[in-house]
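Below are the sequence and a predicted model; questions follow.
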Amino acid sequence: MDKTFNPQNIEQSRYQQWEEQGYFKASGEGEPYCILLPPPNVTGSLHMGHGFQQTIMDILTRYHRMKGDNTLWQVGTDHAGIATQMVVERQLNAAGQTRHDLGRDKFIEKVWDWKAHSGGTITSQMRRLGTSADWEREVFTMDDNLSAAVQEVFIQLYDEGLIYRGQRLVNWDPVLHTAVSDLEVLNEEEDGHMWHMRYPLADGSGELVVATTRPETMLGDTAVAINPDDERYQHLVGKQIKLPITGRLINIVADDYVDAGFGTGCVKITPAHDFNDYELGKRHDLEMINIFTPDAKINDNAPEQYRGLDRYDARKQIVADLEEQGLLVKVEPHKLKVPRGDRSGAVIEPYLTNQWYVAVESLAKPAIEAVEKGEIKFVPENWNKTYYQWMYNIQDWCISRQLWWGHRIPAWFDDADNIYVGTDEAAVRAKYKLDDSLTLRQDEDVLDTWFSSALWPFATMGWPQKTPELETFVPSSVLVTGFDIIFFWVARMIMMTQKFTGKIPFKEIYITGLIRDEQGNKMSKSKGNVLDPIDLIDGIDLESLVEKRTAGMMQPKLAEKIAKRTRQQFPDGIAAYGTDALRFTFTAMASTSRDINFDMGRVEGYRNFCNKLWNASRFVLMNTEEQDTGKNGGELELSLADRWIWARFQQTLIAFEAALKDYRFDLAAQAVYEFTWNQFCDWYLELSKPVLNSDASTDAQKRGTRHTLVNVLESLLRLMHPVMPFITEEIWQRVAPLCSLDDTRSIMLQPYPQVDAGLQDEQVVADIEWLKQVIVGVRNIRGEMDIAPSKPLSVLLKNASSEDKRRLQATDLLLTKMARLEQVTILADGEKGPASATAIVGEMEVMIPMAGLIDKEAELARINKALEKVKADFARTEAKLSNETFVSKAPEAVIAKERAKLDEFSTQMQKLNEQKETIENL
RNA sequence: GGACGCUUAGCUCAGUUGGGAGAGCAUCGCCCUUACAAGGCGAGGGUCACUGGUUCAAGUCCAGUAGCGUCCA
């Protein structure tokens, strides 16, 4: 084995073997356990959030597989309508073409070409993470069978009246020329202005001043609203305004929606271009005047001089015109929330169009109940509040998109715009008994990508066919995802799965935190703080990293800033930490918090942990390979240390499994880290050396220790395999032949370790803890007295009880070696011993005579420090116990514990005082 | 405006039904001891944001305040 752990040499070939051997497939035996991968965009590449969530899914998958469950991790990708269409369109544009030049069919062919060549990026990156998904079952949301499911669902919902077509105000992306759902719009605060404009009353009796952030929309105003309780304006209700520029007459209406304290208290109402105004307009039966083209240019409903102007040019013009007419009162700087499309970044325009909607109310009800009844549980539980809040206020879902790439809506229109829904034109004609002479045209639009994602839990299992998978893996076990798509996806899956299978889609929903940078900022291209998980695995040099972070930056200043920061933060680029270290980092950071600040220091720490495990394994192998490990029989005599490490392993296994059960991956990681490093490496390996290296050890003893070394390591590897698949497999392949195992193909196929009550032994644990205390006591004195670790010492034990003596006898060899002692002498009762530096272990004092070794002042200082600490402890405990209410009200056990503590502190104080006196008298 | 969350060591974070403040990294000493310097041994470091309440006992429960953040309107 190499002296240091080199992940690059092992990972990819191991993965290939696993995949080729078909180890990722469900066994078909045992309890079903299923995880659905939230399908990543086929255009996407792996980001830290994917890495994090997929690590967790893989831990659960590998764990349950080893536990013997019938485990399926269902993977696939999402066709990502807008994103994918944009990618391919951009390529066309670069070649001087548009999609319209090609036409719909040719364009879609191009998209499929693109998918065939570049669509596999994210799935190959997933493989680098070690994800053990069943790739043979990989699906794509545009596959034939999934498309059939989409059609089926659409048709059924339409036939039941749950899908309808209607004219509504939608979020319109004027760049992409499509409607988008509320969830695809990001509202961010931006600097803008508030224009105060004079609106004269029609009867010439005065004027109102309205404030707006969008003066250009005045061309579509159909009312001015005031609050009904606003005494300033009450008397004007019912009067009319003569709208400037257009000269149209509009009403003054009263509505609670208006906040009298905001702006001037008078609000211009543009029902066709604002969601609140739209609602208000419906309440007051106002006319809706659309003033924009699909490009957000002024249309023919506006006065001629503005037609064709872009909305922002129109704004300038209108403001100028108003000013000229003396109708502009003032302009103030104003911060406002600007809606932008999450794909295009364009300012979204509320726009009146015909769209398809799902009426969700009846679907939402059982979906809410499933969570209320506890059939579906959120982890952490608190997220159900977010879910309820959304579900109780759920709006009908706009599912049509004006795109080419996606599931085309299975609806046909005749010339009178009657709607016919069915799988294809022939089916439609048959279904509705239409005459052949009637011309039909199919709806041009496609469905929202999330519409197909919502069917994921059952469509991936073969629905609408009745398949065994549908029976076995619905509901799935747990959904691992981020809170950002509870609405987008989780809620919709629950609704659709219940509707079409009568079952819930999953039993638990584990909501992960969001990975941020080390300062808590969201990772984003524009901030230049994005980390690529693959770079953490393979490493990247500084220049490539800078290049990557600044590529395609439109603003040179920003690029410069990012480059500078990157050079500062990663002067040597990023080291290759390997997949296991990255996975362990994700695992250790998976606590209950909703934000996770990714700290590079921890990746490095866990890389070191991998190296530690690697080297510990080297040590084990060096001492067991080609030696008798008892695998073929022979007497095994287990030392105290051997029995101790087995007992500690049981504790670790229990803690690890309990943590996994609660989805506390951080605690699981901590348990395995602590055991491996602080118990197995720091103590057990050291404690095994005296046995292995001593001529006094019998064959049975050596065999026992070798057996323990190799078998504890083997069990430990299995325990941690779900977290760190590569390094554990690599080491296990060397270790397995030294154990009595029938099947050594892969650690993946091994059973998970089981708790063995027979190996739990509190007495042994206490004995070794005692030994550790004595050793640490001696080391302490060495450290603080500046005595070389290599110098052998003589030690006296004072006030040793029979238990201490028993333990000393049982651990004599270990103690001598580990503390580098040449002699251990037990003082007789009452014997004082020479002046010494002392460590206290329970009632016993471990003394190192000072003669020639120890500096009087230094030892006094040490004693004083210890005394002060004990005194403080004593005082606190004493105060507690002398409090009568404490003694009368606290539970017996607590009081007894306090009393015991007081005794302990008192003994320690007494001993320290004695020592102090002895040394002072020197 | 509504909902939710966070504030514990220099940094990143644990702290399970209330009962002697923890880890990793960083810092400071000493060590190239035959698994590991990506290491070993040891040390220092905290008014648990603030105020009040409940309790024998509060980092933990309750109320309020401040700061930060997320989502929804």
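Thanks, I have it.

Show me where the stretch 1-150 of chain A has its strands.
A:32-36, A:70-74, A:76-77, A:139-140 (DSSP state E, counting those that start in this stretch).

export these to CSV and tack on mean pLDDT and distance to RNA strand B?
Where C-beta positions appear, they are placed from N, C-alpha and C, glycine not excepted. Formatted as CSV, the strands of the stretch 1-150 of chain A follow (pLDDT from 0 to 100; distance: least, C-beta to the nearest atom of the strand, whole Å):
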stretch, mean pLDDT, distance to RNA strand B
strand A:32-36, 95, 23
strand A:70-74, 95, 26
strand A:76-77, 92, 24
strand A:139-140, 93, 28
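
With distance to residue A:333 and mean neighbour count added, can I get these in JSON lines?
Listed next are those as JSON lines, based on distance: least, C-beta to C-beta, whole Å; neighbours: other C-beta atoms under 10 Å:
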{"stretch": "strand A:32-36", "distance to residue A:333": "48", "mean neighbour count": "24"}
{"stretch": "strand A:70-74", "distance to residue A:333": "52", "mean neighbour count": "24"}
{"stretch": "strand A:76-77", "distance to residue A:333": "45", "mean neighbour count": "24"}
{"stretch": "strand A:139-140", "distance to residue A:333": "49", "mean neighbour count": "18"}
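
Pipe those into CSV and attach distance to residue A:823 per row.
Shown next, in CSV, are the strands of the stretch 1-150 of chain A (distance: least, C-beta to C-beta, whole Å):
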stretch, distance to residue A:823
strand A:32-36, 59
strand A:70-74, 58
strand A:76-77, 70
strand A:139-140, 72
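
List just the one of these that sits closest to residue A:5.
strand A:70-74 (27.0 Å; C-beta to C-beta).

which outside residues touch the closest one?
Here strand A:70-74 makes contact (C-beta atoms under 8 Å, 6 or more residues apart in numbering) with A:24, A:26-37, A:57-58, A:61, A:64-65, A:131-134, A:137, A:139, A:460-461, A:469, A:472-473, A:476.

got it, and stretch A:720-727?
A:5, A:7, A:10-11, A:14-15, A:58-63, A:66, A:130, A:132, A:578-580, A:583-584, A:587, A:610, A:613-614, A:668-669, A:672, A:676, A:728-729, A:732, A:747-748, A:750.

and it, how far apart are its ends?
One end of stretch A:720-727 sits 10 Å from the other (C-alpha to C-alpha, to the nearest Å).

Could you do stretch A:44-53 as well?
Stretch A:44-53: ends 15 Å apart by C-alpha to C-alpha.

List the buried residues for that stretch?
A:44, A:46-53 (16 or more other C-beta atoms under 10 Å).

Go ahead and report the secondary structure state at the closest residue to residue A:563 other than its chain neighbours.
Leaving aside its sequence neighbours, residue A:563 sits nearest to residue A:546 (C-beta to C-beta, 6 or more residues apart in numbering; 4.9 Å). Following DSSP: H, G, I helix; E, B strand; the rest coil, we place residue A:546 in the helix state.

about what we covered before: closest to residue A:337 out of the strands of the stretch 1-150 of chain A?
Residue A:337 sits nearest to strand A:76-77 of all the strands of the stretch 1-150 of chain A, at 32.9 Å, using C-beta to C-beta.

what ranges do the helices span in the stretch 751-900 of chain A?
Here the stretch 751-900 of chain A has its helices, by DSSP state H, counting those that start in this stretch, at A:762-785, A:802-818, A:856-881, A:884-889, A:892-920.

touching RNA strand B at all, the third one?
Yes: Helix A:856-881 lies within reach of RNA strand B by C-beta under 7 Å from any atom of the strand, at A:865, A:873, A:876-877, A:880.

Can you name the residues of the stretch 651-800 of chain A that neighbour RNA strand B?
With the criterion set to C-beta under 7 Å from any atom of the strand, the stretch 651-800 of chain A comes near RNA strand B through A:664, A:666-667, A:670, A:673, A:677-678, A:681-682, A:685-686, A:689, A:776, A:779-780, A:782-784, A:786, A:788-790.

how about low-confidence regions in the stretch 101-250 of chain A?
Within the stretch 101-250 of chain A, the segments meeting pLDDT under 70 span A:183.

Skip the chain neighbours and tell me the closest residue to the residue of it found nearest RNA strand B.
Residue nearest to RNA strand B within the stretch 101-250 of chain A: residue A:182 (5.6 Å; C-beta to the nearest atom of the strand). Nearest residue to residue A:182, sequence neighbours excluded (C-beta to C-beta, 6+ apart): residue A:171, at 6.6 Å.

show me the contacts for the one you found.
By C-beta under 8 Å, 6+ apart, residue A:171 lies in contact with A:179-182, A:184-185, A:339, A:341, A:348-351.

what does residue A:477 give?
Contacts of residue A:477 by C-beta under 8 Å, 6+ apart are A:32-35, A:60, A:64, A:506-508.

so residue A:488 makes contact with residue A:451?
No: contact criterion C-beta atoms under 8 Å: residue A:488 and residue A:451 do not qualify, at 11.2 Å.

more neighbours, the two?
Per other C-beta atoms under 10 Å, whichever of residue A:488 and residue A:451 has more neighbours is residue A:451, with 26 against 19.

outside of the helix or strand hosting the more buried one, which residues touch it?
Residue A:451 is part of helix A:449-453, with elements assigned from DSSP states H and E. The contact list for helix A:449-453 (C-beta under 8 Å, 6+ apart) reads A:39, A:78-82, A:141, A:146-147, A:149-150, A:153-154, A:181, A:399, A:406-407, A:459, A:488-489, A:492-493.

Relative to the whole chain's centre, how far out is it?
Relative to the chain's own centre, helix A:449-453 is displaced by 22 Å; criterion: C-alpha atoms, centre = their mean, to the nearest Å.

okay, and for chain A, where does confidence drop off?
If you take pLDDT under 70 as the line, chain A has these spans: A:183, A:263.

For the most centrally placed residue in it, give the beta-bridge partners.
The centroid of chain A falls nearest to residue A:512 when counting by C-alpha atoms, centre = their mean (3.6 Å). Residues in a beta bridge with residue A:512, per DSSP bridges, are residue A:482.

how about it, what does it touch?
So residue A:512 contacts A:49, A:52-53, A:56, A:480-482, A:590 (C-beta under 8 Å, 6+ apart).

Put together CSV for those, with distance to RNA strand B on each row.
Putting the contacts of residue A:512 into CSV (distance: C-beta to the nearest atom of the strand, whole Å) gives the following:
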residue, distance to RNA strand B
A:49, 14
A:52, 13
A:53, 17
A:56, 15
A:480, 17
A:481, 15
A:482, 10
A:590, 9
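
From those, which land in helices?
Applying DSSP state H to the contacts of residue A:512, the entries found in helices are A:49, A:52-53, A:56.

what comes up buried for stretch A:831-848?
Within stretch A:831-848, the residues scored as buried using 16+ other C-beta under 10 Å are A:833, A:835-841, A:843-848.

buried residues in stretch A:872-883?
By neighbour count on 16+ other C-beta under 10 Å, the buried set for stretch A:872-883 is A:873-874, A:877, A:880-881.

Contacts for stretch A:635-654, please.
With C-beta under 8 Å, 6+ apart as the contact definition, stretch A:635-654 has outside contacts at A:630, A:671-672, A:674-675, A:679-680, A:683-684, A:687-688, A:691, A:698-701, A:703-705, A:707-708, A:712, A:715-716, A:719, A:753, A:755-757, A:759-762, A:764-765, A:767-768, A:810-811, A:814.

List the buried residues for the host helix or strand of residue A:350?
In the assignment (DSSP H and E), residue A:350 maps to strand A:349-358. Burial within strand A:349-358, assessed by neighbour count using 16+ other C-beta under 10 Å, is assigned to A:349-353, A:355-358.

Can you tell me the strand partners of that strand and which way each runs?
Strand pairing for strand A:349-358, determined by DSSP bridges: strand A:163-173 (antiparallel), strand A:397-398 (antiparallel).

That strand near RNA strand B anywhere?
No: judged by C-beta under 7 Å from any atom of the strand, strand A:349-358 and RNA strand B are separated, with a smallest distance of 12.6 Å.
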